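Colleague: next one to model:
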Amino acid sequence: MATAVEPDVRSAQKPAQHHAIAIREKLLIVGGGMAANGLCRRLVDLGIADQYQITIFGDEKHRSYDRVNLSKFFDGKGVDDLLLSSDDWYDANKIDFLTGHFITKIDRDAKVLHDSQGRRFEYDQLVLATGSRAWMPPIEGHDSPGVFVYRTLADLEKIKAHVQRVGAEVGAVIGGGLLGLESAKVLVDLGLQTSVIEMAPGLMPRQLDNHAAARLKDHVESIGVDVHLVRRTEKIVSDGDGRLTLHFNNAEPTNVDILIVAAGVRANDQLAKRAGLAIGNRGGIVVDYRMQTCDRDIFAIGECAAFDNHIYGLVAPCYQMADVLARRLAGEKAYFLGADESAELKLLGIPVVVLGRAIGQSASCVVLSQEDEGAYRKIIMEQGRFAGAACVGHWEELPLVRDAIRCNKGLWPMQRARFEKTGSPWPTTGQLSVNDWPDTSIVCSCLSVTKVQLTDQIALGVTDVEVLAEKTRASTACGSCQSLLCELAGNSTEVSATAGTRTMMLASLAAACFLVTFLFVSPIQFAQSVQDGWRDVDVLWRSDLARQITGYTTLSLTLLGLVFSLRKRFDWFQWGSYGLWRAIHGVLGAGVLIALAVHTGFSLGANLNFILAIVFLGTAAFGSAAGIVSSMESRATGTKAMTLRLWRPRLTHLHLWLFWPLPALIAIHVFSFYWFSD
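Modeller: Now for the predicted structure:
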């Protein structure tokens, strides 16, 4: 722990110690918000917290709490419920958290901090995590009683007390962005008739296009909140009895009992500016990819930091900065190269999602949109690939969209047409369970925790949701993904097989046996004499009629197997379950190999016939392998399941790629048969 140094006492005056002592560096953190807590947690996770004397200076009266879920303060949650870490956790990890401490000066030459009470604290490494403050626009009367900002627990306590004291019934919020809508929810939860006042022509103007903003506005108004767009507040007048009158430049005045201003935030960079640290053009403490300022012993993370002249205002990038700094303090080579500012929120009861790039970030993007009663959905493409997406409302395939953007996957014309028609680029298969998500899918967007990170822990026996959250930190930010953790953990002890799995396995094994037979059994020989009884059998390969019957039987079974592709790829073909058709496909595949054996007598032929046989058997081989892996995958758990899931799509793709030459080869084979027949 850092120790306050009296003004007339310097560490240099202390007697020298001549015996060997392990000296821990003093790591001081100014700011007690989520970024500071994230840094400390990462240092503990990396096992190096005990190498430093860590002290956090928080200017609020509470230790680090969850600002993302601040509105839950009005849902019956107490302060303790919002705390990110308990007192016992800080004590157990020897982290000193000083609340109510205002650091007023940084003496970079002496490497000393000064607080508002005249005390000094020496440091070896200093981290600035001072966050941001609510910005109050220069509106006349903004300091009137009854006008509040929405930023801290103290702000919420003041809002609640004012509503109870004056018996408020009508409230308004200036600002239609994320904070503004969250503030509106607070007033609604307090039982007030609420209005949202926004200067822009739509809600959330920085994140949503006109259509999405209109959809959000319709929902907000449907729950009783009035939305006023393109309205600028010029003056706030208090009548002295707790009533406020809002005057606008283009509308009639409005009377309210309470006003919350949520017009944005500004980085808390004043302390750094006074210390002579570099400040960005738009504010914020300038940092490099190491989170280091222009002073090699001072770092900055979170909403106070400006990387590449950009300030990140969401919790996920702040935690990424904390992770990079923690790993660098641990001696690792870690770099911050920017962060994804995707947002997945539930505002006033409706999901609002913005992923990847926005329309204005690309001059060559192509926008696809789809709207129905449930939602407005948008996909942004660049060079035929997923680049971004947005949604207001429910989107079942959102995990797949998020993964497609992260992997920069292509979007085929058929998928584009399907999206514009149904709202999904992929065939609908009912509700998508988290267990069916790709392993690389992000389950916890706030902390970028992937499904595979969670299933790794589940494979090790971690099935308690709270322990799983503690180990991976998933759901510890906004908590919206906790149900997904429950679903994953609940399926870890007992996994039910997919319909048709047993049949698929048996058919695939049968197909594999026939493939082995083709490789090791010699071609069937013809009868050597007209009196040989075998001549009644080998007529199958001597008679043109018999060869046509067996050939067209093989072709018919192959074509029937393609019905599975209809069920898999086309929305209009929904008869029967996916598992049933997959099992039928496997059985037909085994039947094709039997028919092929009868048709060829295990002879691969020559020239083009040989090529046709090899391609045919190769297609069947990869299909058989994919069927076996698919059957095992539905029952497997842990690392075995992840390995199978890794190989199944690879085998399936090889199966499909080898199939493509078959139609041309079969057509040539049939044509040559009739061309050269007697």
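
Colleague: quick one: the strands in the stretch 51-200 of the chain?
Modeller: The residue ranges that make up the strands of the stretch 51-200 of the chain, judged by DSSP state E, counting those that start in this stretch, are 52-57, 95-98, 103-107, 112-115, 120-122, 125-128, 132-134, 147-149, 170-174, 193-197.

Colleague: tilt between the first one and strand 103-107?
Modeller: Read it as strand 52-57. The directions of strand 52-57 and strand 103-107 differ by 140 degrees, with axes from the mean of the first three to the mean of the last three CA atoms, to 10 degrees as the criterion.

Colleague: and strand 52-57, which strands flank it?
Modeller: Pairing partners of strand 52-57, with direction, according to DSSP bridges: strand 25-30 (parallel), strand 95-98 (parallel).

Colleague: still on that earlier bit, can I get the strands of the stretch 51-200 of the chain in CSV including mean pLDDT, mean neighbour count and distance to G32?
Modeller: Glycine gets a C-beta too; all of them are placed from N, C-alpha and C. Conversion of those to CSV gives the following (pLDDT from 0 to 100; neighbours: other CB atoms under 10 Å; distance: least, CB to CB, whole Å):
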stretch, mean pLDDT, mean neighbour count, distance to G32
strand 52-57, 97, 24, 5
strand 95-98, 97, 20, 7
strand 103-107, 97, 17, 11
strand 112-115, 97, 20, 13
strand 120-122, 97, 19, 15
strand 125-128, 98, 25, 12
strand 132-134, 94, 18, 14
strand 147-149, 95, 20, 19
strand 170-174, 97, 25, 27
strand 193-197, 97, 23, 31
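
Colleague: okay, those in TSV with distance to L181 next?
Modeller: Formatted as TSV, the strands of the stretch 51-200 of the chain follow (distance: least, CB to CB, whole Å):
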stretch	distance to L181
strand 52-57	31
strand 95-98	32
strand 103-107	33
strand 112-115	37
strand 120-122	40
strand 125-128	30
strand 132-134	15
strand 147-149	15
strand 170-174	8
strand 193-197	7
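
Colleague: ok, so what distance separates L347 from R215?
Modeller: With the distance defined as CB to CB, to the nearest Å, L347 ends up 12 Å from R215.

Colleague: the two: who's more crowded?
Modeller: R215 (22 against 19; other CB atoms under 10 Å).

Colleague: could you list the domains of the chain?
Modeller: 4-9+23-132+267-329, 147-263, 350-490, 501-676 (automatic domain parsing).

Colleague: can you flag the weakest of those domains by average pLDDT?
Modeller: Lowest mean pLDDT within the domains of the chain: domain 501-676, at a mean of 74.

Colleague: now it, how far from the chain's geometric center?
Modeller: With CA atoms, centre = their mean, to the nearest Å as the basis, the distance from the averaged C-alpha position of domain 501-676 to the chain average is 40 Å.

Colleague: for P413, see how far away W657 is.
Modeller: From W657 over to P413 the distance is 19 Å, taken as CB to CB.

Colleague: these two: which is more packed in?
Modeller: Neighbours per residue, other CB under 10 Å: of W657 and P413, the larger number sits with W657, 12 against 8.

Colleague: save the strands paired with strand 52-57 as TSV, and put in distance to A387 too.
Modeller: Written out in TSV, the entries for the strands paired with strand 52-57 read as follows (distance: least, CB to CB, whole Å):
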stretch	distance to A387
strand 25-30	37
strand 95-98	41
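
Colleague: look up phi and psi at Q457.
Modeller: phi -70, psi -40 (degrees, to the nearest 10).

Colleague: what is the burial count for it?
Modeller: Burial measure for Q457: 21 neighbouring residues, criterion other CB under 10 Å.

Colleague: ok, now L656?
Modeller: 14.

Colleague: one step back: out of the strands of the stretch 51-200 of the chain, which is closest to R274?
Modeller: Closest to R274 of the strands of the stretch 51-200 of the chain is strand 103-107 (CB to CB; 6.6 Å).

Colleague: so which residues of the stretch 551-678 of the chain form helices?
Modeller: Assigned helices in the stretch 551-678 of the chain, in chain order: 563-569, 578-600, 608-633, 638-659, 662-676 (criterion: DSSP state H, counting those that start in this stretch).

Colleague: same question, the stretch 251-400 of the chain
Modeller: Chain-ordered helices for the stretch 251-400 of the chain, with DSSP H, counting those that start in this stretch as the definition, fall at 270-274, 315-329, 398-406.

Colleague: looking at those, which is nearest to C486?
Modeller: Counting by CB to CB, C486 lies closest to helix 398-406 out of the helices of the stretch 251-400 of the chain; the figure is 15.8 Å.

Colleague: what sits up against the closest one?
Modeller: Where contact means CB atoms under 8 Å, 6 or more residues apart in numbering, the residues beyond helix 398-406 that reach it are 342, 344, 353, 355-356, 379, 386-389, 391, 395, 409, 411, 425-426, 432, 434, 437-438, 440-442, 445.

Colleague: gap between it and the chain center?
Modeller: Shown here is helix 398-406, whose average C-alpha point lies 8 Å from the average C-alpha point of the whole chain (CA atoms, centre = their mean).

Colleague: all set now, cheers.
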